[in-house]
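[1] sharing a model prediction with you, sequence too.
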Amino acid sequence: MITIAVDCMGGDHGPAITLPACASFLAAHADARLILVGRPEALSSWPAQLDRSRCTVVHAAEVVAMDDPVEVALRRKKDSSMRVAIQQVKAGDAQAAVSAGNTGALMAIARYLLKTLDGIDRPAIASQMPNAKGEATTVLDLGANVDCTAEHLLQFAVMGSALVAANGKSSPTVGLLNIGEEVIKGNDVIKQAGVLLRQAAERGDLNFHGNVEGNDLFKGTTDIVVCDGFVGNVALKASEGLASMIGGFIREEFSRNALTRLAALVVWPVLKSFKHRVDHRRYNGAALLGLRGLVFKSHGSADAFAFEQALCRAYDEARNDLLDRVRTRIARAAPLMASGAGDVAASSELS
């Protein structure tokens with residue numbers, strides 16, 4: 001059985017969304033169990049379809065608000081549903097934890113309780129974006145680390161490779177997000193990261209494609225795109241905004257008059273397929289990679305369908321032994337990932 005601890009109180013909607021999502025998830029996964037964490041009064045009204053025989057309730061007296069500073073969440077709210085859910089992973093009672101709560105607080109609490117894996121300086125947030133190939137591009141970091149060194153970007157690439165490999169691609173391609181494909185493009189950190197990634201590829205530690213640009217995220221040029229958290233978060237929010245804009249534009253245009261409504265009926269199958277492919281809810285559930293346990297972040301405004309996808313992602317990665325895969329790849333690439341290890345070689349190659 002795969003056991004997942006769920007922060008039922010997190011996000012914009014709390015139990016009104018998380019509990020129905022849990023019910024749907026259990027109905028589709030016969031070998032899964034859930035630990036539902038939250039306030040007793042909030043968890044008292046379970047959906048009728050929720051399989052109680054595969055649920056355990058763990059009470060938590062506090063809730064981390066979406067606007068709580070990290071310091072408050074980490075130091076003052078020690079009995080929050082978010083923290084208690086992650087403690088289930090630390091104690092070995094759950095293989096993964098899922099929360100839709102405050103991202104900064106989730107990362108801080110997870111890092112404090114679980115600690116980072118040997119060889120990893122900073123955990124990264126990794127998620128997927130739909131691409132033109134009908135698949136998804138895995139992007140990291142998506143906001144955990146605004147400022148990164150070249151070694152951090154290499155660590156992200158190694159962890160991202162383990163994540164994608166756990167889902168069926170034995171040698172996923174890695175692209176380094178840059179302002180151009182040429183190796184001379186970018187700032188010093190990006191150039192040095194390119195050197196380290198090429199060295200890692202020569203050693204067989206990963207499959208480095210080279211530099212990629214912003215449009216490659218949606219072309220599906222590579223399976224993985226590595227960047228710092230500032231750039232990654234901007235790209236993520238821009239893609240979500242674009243999908244919402246396209247949906248709004250279609251609705252507006254096809255509701256103008258009888259002719260456009262008739263046209264909508266003709267092309268509806270195509271539009272429905274397109275909407276399905278770009279629906280960011282299908283890709284909900286970002287992995288916090290680099291920790292000594294599996295933690296997944298759902299979008300704060302997720303509906304029941306989207307939160308269920310986050311649960312499914314946590315289930316899949318736990319079942320596919322993601323943590324061991326990450327640990328193995330890190331150990332193999334350790335000589336290059338040590339802080340400062342590539343400075344001399346990078347300076348020499350770039351000169």
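    Perfect, thanks for sending it.
[2] count of neighbours near Lys185?
    Lys185 has 14 neighbours, counted by other CB atoms under 10 Å. The C-beta positions use only the backbone N, C-alpha and C, and glycine is treated the same way.
[3] and for the one 10 residues further on?
    Using other CB under 10 Å, Val195 is surrounded by 21 other residues.
[4] tell me which helix or strand it sits in.
    Taking DSSP states H and E as the criterion, Val195 maps to helix 188-203.
[5] so what does that helix touch, helix or strand wise?
    Judged by 3 or more CB pairs under 8 Å, 6 or more residues apart in numbering; DSSP states H and E, helix 188-203 is in contact with helix 150-165, strand 173-177, strand 207-212, helix 322-337, helix 343-350.
[6] what angle separates the fourth one from helix 150-165?
    The reference is to helix 322-337. Here the directions of helix 322-337 and helix 150-165 differ by 150 degrees (axes from the mean of the first three to the mean of the last three CA atoms, to 10 degrees).
[7] who are the packing partners of helix 322-337?
    helix 150-165, helix 188-203.
[8] got the buried residues for the helix holding Val195?
    189-201 (16 or more other CB atoms under 10 Å).
[9] looking at these, which is nearest Arg327?
    Arg327 lies nearest to Ala200 out of the buried residues of helix 188-203, by CB to CB, at 16.7 Å.
[10] can you pull the contacts of the closest one?
    Leu154, Ala157, Val158, Leu206, Phe208, Ala333, Leu336 (CB atoms under 8 Å, 6 or more residues apart in numbering).
[11] kindly reformat these as JSON lines containing distance to Ile109, pLDDT and neighbour count.
    Listed next are the contacts of Ala200 as JSON lines, based on distance: CB to CB, whole Å; pLDDT from 0 to 100; neighbours: other CB atoms under 10 Å:
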{"residue": "Leu154", "distance to Ile109": "26", "pLDDT": "95", "neighbour count": "30"}
{"residue": "Ala157", "distance to Ile109": "26", "pLDDT": "96", "neighbour count": "31"}
{"residue": "Val158", "distance to Ile109": "24", "pLDDT": "95", "neighbour count": "29"}
{"residue": "Leu206", "distance to Ile109": "30", "pLDDT": "93", "neighbour count": "25"}
{"residue": "Phe208", "distance to Ile109": "33", "pLDDT": "97", "neighbour count": "24"}
{"residue": "Ala333", "distance to Ile109": "28", "pLDDT": "85", "neighbour count": "24"}
{"residue": "Leu336", "distance to Ile109": "30", "pLDDT": "76", "neighbour count": "20"}
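[12] tabulate these (JSON lines), appending distance to Gly134.
    Shown next, in JSON lines, are these (distance: CB to CB, whole Å):
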{"residue": "Leu154", "distance to Gly134": "30"}
{"residue": "Ala157", "distance to Gly134": "24"}
{"residue": "Val158", "distance to Gly134": "27"}
{"residue": "Leu206", "distance to Gly134": "24"}
{"residue": "Phe208", "distance to Gly134": "24"}
{"residue": "Ala333", "distance to Gly134": "31"}
{"residue": "Leu336", "distance to Gly134": "34"}
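[13] just curious, which of these is nearest to Gly290?
    Distances from Gly290 to the contacts of Ala200, taken by CB to CB, are shortest for Val158, at 9.7 Å.
[14] so that closest one is in contact with Phe208, correct?
    No. Using CB atoms under 8 Å, Val158 and Phe208 do not qualify as a contacting pair, with a distance of 10.8 Å.
[15] how's this protein carved up into domains?
    Following automatic domain parsing, one gets these domains for the chain: 1-114, 120-281+322-351.
[16] before we move on, the earlier item: would you list the buried residues of helix 188-203 in TSV and tack on pLDDT and distance to Met129?
    Converted to TSV, the buried residues of helix 188-203 look like this (pLDDT from 0 to 100; distance: CB to CB, whole Å):
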residue	pLDDT	distance to Met129
Val189	95	23
Ile190	95	20
Lys191	95	25
Gln192	94	26
Ala193	96	21
Gly194	96	22
Val195	95	27
Leu196	94	24
Leu197	96	20
Arg198	95	25
Gln199	94	27
Ala200	94	23
Ala201	94	23
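[17] many thanks, we can stop here.
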